[in-house]
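*Asks:* Below: sequence and its predicted model.
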Amino acid sequence: MTNLNPASVQVRNLRKQYAVHEKEPGLLGSLRSFVKRKTHYVDAVKGVTFDLAPGEVVGFLGPNGAGKTTTLKMLSGLLHPSGGQATIGGFEPRRRETAFLKQITLVMGQKQQLIWDLPALDSFLVNQAIYEIPDEQYHATMREFTEVLDLGGILKKQVRKLSLGERMKCELAAALLHRPKILFLDEPTIGLDVNMQEAVREFVREYNRRYDATVILTSHYMADVTALAKRILVIDKGELVFDGDLAHLAEQGSGGKTVKLQLRYPAESTRLSQYGQVVSNDGLSVELAIPRSEVSARAARLLADLDVADLTVEDPPIEAIMAELFGKHTRREEVTV
Ligand SMILES: Nc1ncnc2c1ncn2[C@@H]1O[C@H](COP(=O)(O)OP(=O)(O)OP(=O)(O)O)[C@@H](O)[C@H]1O
């Protein structure tokens, strides 16, 4: 069934296979490839299915080459799927209809859309014309973005003279000027310093809140994901291997929990090892890895046996859980013909 809510996303068994033409290096290699062309196929996305509700913010995670960018390009209509279907607010992305383009945006941290030799303001005006944004809405949105992103001093500077962080803020403003209802954000904070990453996160959070926009975010910075998304999709070798709450993702790891102790008196690691695997012991600060099912019993023993000033129980870092999750799956299939 087609969902006509402009911010809804339905993805059914979406697939993408790339054909890669091989060429030996050098002139001889080029000549050979004219006579006998070797092609192999890469199954980049192998049947991905999910639904997003309007206003949902989802972290789309996976290791390098997992198929994240390919999926986002198919959802925004830049790539035609090899199979399956995506429906975005009732539209089929591959048709790239104007009404569809007006309700989505794709931001790629590695690519730029601003005109390099002109001030960002000029690119904004170009976008105003392309997206047919009424003057009143344009000025209201510009006022809002200038304030939230602190663009005041940089809008009239040539883009080539902006810092990476300043440019990224302008990229985001340009990409959202038409107030899209669905945001595909591919590594929007890549290469930015910690303060700038936080500024981008805050902007996305505020935009989502204000316009009830649906957001799919890929990032190698887990802080982006944990700050913005409650729900996580994990893709590995083209397949969706997890779809659920961030909290449940933590339970996927078999490694258990991290127990952090603040002791009043130092304890030897050999003594501490009876309670769990000693991850670190800097004298008074200790970190232990304890199997999930044993945590309460061992924490009680630790409190009874040692002079503990503070004890906290945490899930292991999300990076560790993902590394474990990715290790479980087989390698990408490549077919050579
Ligand atoms: N144009 C292309 N032609 C052939 N193969 C491609 C093409 N684009 C991507 N691939 C391959 O498809 C697979 C998925 O790539 P994709 O860029 O979607 O992954 P990703 O999850 O976004 O990775 P990363 O985190 O490194 O950006 C990879 O094996 C990649 O080498």
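*Replies:* Yes, it's here.
*Asks:* going forward, measure contacts and count neighbours with C-alpha atoms only.
*Replies:* Fine.
*Asks:* wait, what's in contact with residue 288?
*Replies:* 258-260, 275-280 (C-alpha atoms under 8 Å, 6 or more residues apart in numbering).
*Asks:* Try it again at 6 Å.
*Replies:* 258-259, 276-279 (C-alpha atoms under 6 Å, 6 or more residues apart in numbering).
*Asks:* What separation do you get for the residue of the stretch 101-250 of the chain found nearest the ligand and residue 52?
*Replies:* The minimum distance from the stretch 101-250 of the chain to the ligand, using C-alpha to the nearest ligand atom, falls at residue 238 (7.1 Å). Separation of residue 238 from residue 52 (C-alpha to C-alpha, to the nearest Å): 19 Å.
*Asks:* Please give me every residue in contact with the most centrally placed residue in the chain.
*Replies:* By C-alpha atoms, centre = their mean, the chain has its centre lying nearest to residue 218, at 1.3 Å. Listed by C-alpha under 6 Å, 6+ apart, the contact partners of residue 218 are 59-61, 186-187.
*Asks:* Only the buried residues of the lengthiest helix in the chain, if you could.
*Replies:* Secondary structure of the chain per DSSP state H: the longest helix is helix 194-211. Neighbour-count burial for helix 194-211, counted by 16 or more other C-alpha atoms under 10 Å, picks out 196-205, 207-208.
*Asks:* what are the bridge partners for the closest residue to residue 52 other than its chain neighbours, then?
*Replies:* Nearest residue to residue 52, sequence neighbours excluded (C-alpha to C-alpha, 6 or more residues apart in numbering): residue 9, at 4.9 Å. Beta bridges link residue 9 to residue 52, residue 88, judged by DSSP bridges.
*Asks:* element containing the closest residue to residue 7 other than its chain neighbours?
*Replies:* Distance criterion C-alpha to C-alpha, 6+ apart; nearest residue to residue 7, sequence neighbours excluded, is residue 54 at 4.7 Å. Per DSSP states H and E: residue 54 is located in neither a helix nor a strand.
*Asks:* Check what pLDDT residue 54 gets.
*Replies:* Model confidence at residue 54, given as pLDDT, is 94.
*Asks:* Run a quick neighbour tally on it.
*Replies:* 18 (other C-alpha atoms under 10 Å).
*Asks:* pretty sure it contacts residue 214?
*Replies:* Yes: in this structure, residue 54 is within contact of residue 214 by C-alpha atoms under 6 Å, at 5.4 Å.
*Asks:* tell me, what's touching these two both at once?
*Replies:* residue 7.
*Asks:* so where do the helices sit in the stretch 151-300 of the chain?
*Replies:* Using DSSP state H, counting those that start in this stretch, the helices of the stretch 151-300 of the chain run over 164-176, 194-211, 222-228, 246-252, 269-272, 295-305.
*Asks:* Dump those to TSV, plus distance to residue 147 and mean pLDDT.
*Replies:* Formatted as TSV, these follow (distance: least, C-alpha to C-alpha, whole Å; pLDDT from 0 to 100):
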stretch	distance to residue 147	mean pLDDT
helix 164-176	11	92
helix 194-211	10	92
helix 222-228	21	88
helix 246-252	31	76
helix 269-272	52	94
helix 295-305	47	94
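*Asks:* which of those sits most buried?
*Replies:* helix 164-176 (a mean of 23; mean count of other C-alpha atoms under 10 Å).
*Asks:* Contact residues of the protein facing the ligand?
*Replies:* 18, 20, 42, 44, 62-70 (C-alpha under 6 Å from any ligand atom).
*Asks:* Which two among those are spaced furthest apart?
*Replies:* Spanning the widest gap among these are 20 and 62, at 22.4 Å by C-alpha to C-alpha.
*Asks:* Of those two, which one has the most company?
*Replies:* Counted by other C-alpha under 10 Å, residue 20 and residue 62 do not tie: residue 62 has more neighbours, with 25 against 12.
*Asks:* quick one: the more buried one and residue 235 touch, right?
*Replies:* Yes: between residue 62 and residue 235 a contact is recorded at 5.0 Å, counting by C-alpha under 6 Å.
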